[in-house]
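Undergrad: Based on what follows, work out the 3D shape:
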Amino acid sequence: MVEITRAWVKAKLIKHFLPLGLFMALLVALSWPHPGREVSSWKGGDYGIIQTINVCTIFFVSGMTVKTEDIHAAMKAYPSMLYGLTMILLVTPMLGFVTLEIPFSPKEFSYGFTLFVCVPTTLTSGVSMVGNAKGNTVLALFLTVGSNMLGVVTVPFVLRLVMSNADVTLDAVALLIKLLLTIFLPLCIGKAFREAFSPVPAFCMKHKVSLGIVNNGSLVLIVWQTCSSSANQILDQSFINILPVLAGGVIIHAVFFCVNGAGTEVLSRMGAMPWRERMAVWLLTSQKTLPVSMTILTYLNEDAVGDHGLVAIPMIIGHVSQLFIDSYISSVWGSAEDKKAKEENVESHLPKIDSSSPNTSSELKVMEINPLHNEQESNEV
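TA: Numbers count the residues shown, from 1 in each chain. This is a model prediction of the structure:
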């Protein structure tokens with residue numbers, strides 16, 4: 001029986017901070033929407049002041065934690081890297097053509113899933129899961145940073161292409177500029193900050209957990225503000241309308257996971273993707289990032305995509321679905337790797353027997369019959 005202590009509770013809260021935070025954000029936003037609605041109304045031109053601060057914080061912290069040596073090391077696994085970036089940025093977004101045609105009610109739910117499948121991979125949770133699975137975390141980190149940096153350029157145009165089937169007009173260039181200012185620029189500043197000041201790497205290592213909470217907390221605040229602004233519209237939805245969205249979040253992730261499982265299997269059989277690399281690629285090509293989704297959503301015109309709060313619901317559900325499913329999968333893989341490592345460790349300590357020796361089989365038989373064989377032999381020597 002697990003002893004419930006303060007340290008145990010703290011560890012569990014830290015581990016599940018994001019899903020718990022998202023749940024609390026929704027609960028507070030729907031039960032008392034006024035504070036969040038007021039905060040989200042603070043504008044500076046086309047930008048929500050607090051939301052922009054939250055977004056910039058997420059990517060500044062992400063930039064500070066990126067190690068140059070990790071990027072160099074990941075470049076060596078170029079087949080895995082190329083496959084991962086291609087699937088994340090170009091192939092998986094094509095599912096958006098399908099999600100647009102699903103007759104969700106209201107239509108905002110279709111737009112939410114479509115936006116969600118068009119964005120890059122997760123920012124922090126994916127790398128953490130790869131680490132739990134004993135996969136290649138350096139490659140996972142590169143795929144995370146690379147896809148999110150390149151996604152700033154690709155997502156606006158991919159999203160416009162996909163959404164054009166729904167007669168939704170998006171200004172891809174304007175969206176690109178906003179993403180460059182609020183995602184790419186803070187990421188680069190964070191990385192430059194790390195390189196310019198020598199104490200920064202040690203600080204990031206020492207406060208890794210706290211920085212993760214800052215990132216996830218910023219995301220929770222974005223969700224809180226968005227859902228507070230749309231509390232009335234969200235509460236108007238019946239459970240019958242929400243149920244297909246719950247199923248949709250699981251199904252979309254299952255599709256990604258199966259497709260990438262098959263793709264990585266082919267490369268693995270070709271000898272181009274070892275198992276530790278495959279775990280990293282498999283997980284990250286099957287996940288999508290909620291922070292970038294929410295960032296893009298705040299820049300979309302509600303006249304085009306509908307109520308932002310309703311659009312956010314399927315994105316949150318999709319993110320939470322992949323979070324719980326992949327957490328379980330990564331723990332299973334990690335346990336298998338631990339077991340394999342223990343077996344290899346035991347085998348490495350077993351005495352090696354020369355099978356080519358003609359006396360080996362007879363010696364083994366003598367040892368089985370006479371347990372004092374070794375002791376007598378040592379006395380003779």
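Undergrad: report the longest helix in the protein, please.
TA: Longest helix of the chain, by residue count under DSSP state H: helix 308-349.
Undergrad: Now it: average pLDDT?
TA: For helix 308-349, mean pLDDT rounds to 86.
Undergrad: elements contacting it?
TA: Packing partners of helix 308-349 (3 or more C-beta pairs under 8 Å, 6 or more residues apart in numbering; DSSP states H and E): helix 17-31, helix 108-118, helix 125-132, helix 208-229, helix 231-235, helix 239-269, helix 275-284, helix 290-299. (Glycine included, C-beta is placed from N, CA and C.)
Undergrad: Could you dump those into JSON lines with mean pLDDT added?
TA: Listed next are those as JSON lines, based on pLDDT from 0 to 100:
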{"stretch": "helix 17-31", "mean pLDDT": "89"}
{"stretch": "helix 108-118", "mean pLDDT": "95"}
{"stretch": "helix 125-132", "mean pLDDT": "81"}
{"stretch": "helix 208-229", "mean pLDDT": "89"}
{"stretch": "helix 231-235", "mean pLDDT": "88"}
{"stretch": "helix 239-269", "mean pLDDT": "95"}
{"stretch": "helix 275-284", "mean pLDDT": "95"}
{"stretch": "helix 290-299", "mean pLDDT": "88"}
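Undergrad: To I177, which of the ones you listed lies closest?
TA: The closest of the helices and strands packed on helix 308-349 to I177 is helix 290-299. By C-beta to C-beta, the value is 9.6 Å.
Undergrad: Give me the angle between that closest one and helix 208-229.
TA: 30 degrees (axes from the mean of the first three to the mean of the last three C-alpha atoms, to 10 degrees).
Undergrad: Output whatever helix or strand comes next after helix 290-299 as CSV - backbone C-alpha positions only.
TA: Next helix or strand after helix 290-299 toward the C-terminus (DSSP states H and E): helix 302-305. The C-alpha trace of helix 302-305 is given here as CSV (Å, rounded to 0.1, in the frame of the first residue of the first chain):
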residue,chain,number,x,y,z
GLU,A,302,-14.2,35.2,-34.8
ASP,A,303,-16.3,36.2,-37.9
ALA,A,304,-14.4,33.6,-39.8
VAL,A,305,-14.1,30.6,-37.4
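Undergrad: Now do the same contact list for V259.
TA: Contact partners of V259, counting by C-beta atoms under 8 Å, 6 or more residues apart in numbering, are T92.
Undergrad: Please tell me how far it sits from A280.
TA: Look at V259 and A280: by C-beta to C-beta, to the nearest Å, they are 16 Å apart.
Undergrad: what does S62 give?
TA: From S62 across to A280, the span is 17 Å (C-beta to C-beta).
Undergrad: who has more neighbours, these two?
TA: A direct count of neighbours by other C-beta atoms under 10 Å for S62 and A280 places A280 higher, at 32 against 22.
Undergrad: The more buried one is in contact with T144, isn't it?
TA: No - judged on C-beta atoms under 8 Å, A280 makes no contact with T144 at a distance of 9.8 Å.
Undergrad: Quickly note the distance from C227 to I234.
TA: From C227 to I234 the distance is 6 Å (C-beta to C-beta).
Undergrad: oh, I was asking about V66
TA: In terms of C-beta to C-beta, V66 sits 36 Å off from I234.
Undergrad: One more: G131?
TA: G131 sits 35 Å away from I234, going by C-beta to C-beta.
Undergrad: The two: which has the busier surroundings?
TA: I234 (20 against 16).
Undergrad: Quick check: closest non-adjacent residue to the more buried one.
TA: G309 (5.2 Å; C-beta to C-beta, 6 or more residues apart in numbering).
Undergrad: Look up how far K76 lies from P274.
TA: Using C-beta to C-beta, P274 is found at 12 Å from K76.
Undergrad: swap in F184?
TA: Distance from F184 to K76, counting by C-beta to C-beta: 25 Å.
Undergrad: do the same with P199
TA: For P199 relative to K76 (C-beta to C-beta), the value is 29 Å.
Undergrad: Same check on E265?
TA: 22 Å.
Undergrad: For the two, work out which one has more neighbours and name it.
TA: With neighbours defined as other C-beta under 10 Å, E265 and K76 compare such that E265 has more, 13 against 10.
Undergrad: quick one: buried residues of stretch 102-118?
TA: Across stretch 102-118, burial judged by 16 or more other C-beta atoms under 10 Å covers 104, 107-118.
Undergrad: Output those as TSV; include the columns distance to G126.
TA: TSV is the format used below for these (distance: C-beta to C-beta, whole Å):
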residue	distance to G126
F104	27
K107	30
E108	27
F109	24
S110	25
Y111	24
G112	20
F113	19
T114	21
L115	19
F116	15
V117	16
C118	17
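Undergrad: For G44, state which of those is nearest.
TA: Of those, the one sitting nearest to G44 (C-beta to C-beta) turns out to be L115, at 23.7 Å.
Undergrad: give the contact list for that closest one.
TA: L115 touches G96, L159, S293, I296, L297, L300, V305, V311, M315, counting by C-beta under 8 Å, 6+ apart.
Undergrad: switch the cut-off to 7 Å
TA: L159, S293, I296, L297, V311, M315 (C-beta atoms under 7 Å, 6 or more residues apart in numbering).
Undergrad: Determine the number of other residues adjacent to the third one.
TA: So that's I296. By the criterion of other C-beta under 10 Å, I296 has 23 neighbours.
Undergrad: ok, now how distant is it from V311?
TA: The spacing between I296 and V311, counted by C-beta to C-beta, is 10 Å.
Undergrad: ditto for S128
TA: Relative to V311, and taking C-beta to C-beta, S128 is found at 27 Å.
Undergrad: try K208
TA: Counting by C-beta to C-beta, the separation of K208 from V311 is 33 Å.
Undergrad: And these two? Which one has more around it.
TA: Between K208 and V311, V311 has the larger neighbour count (other C-beta under 10 Å), namely 28 against 11.
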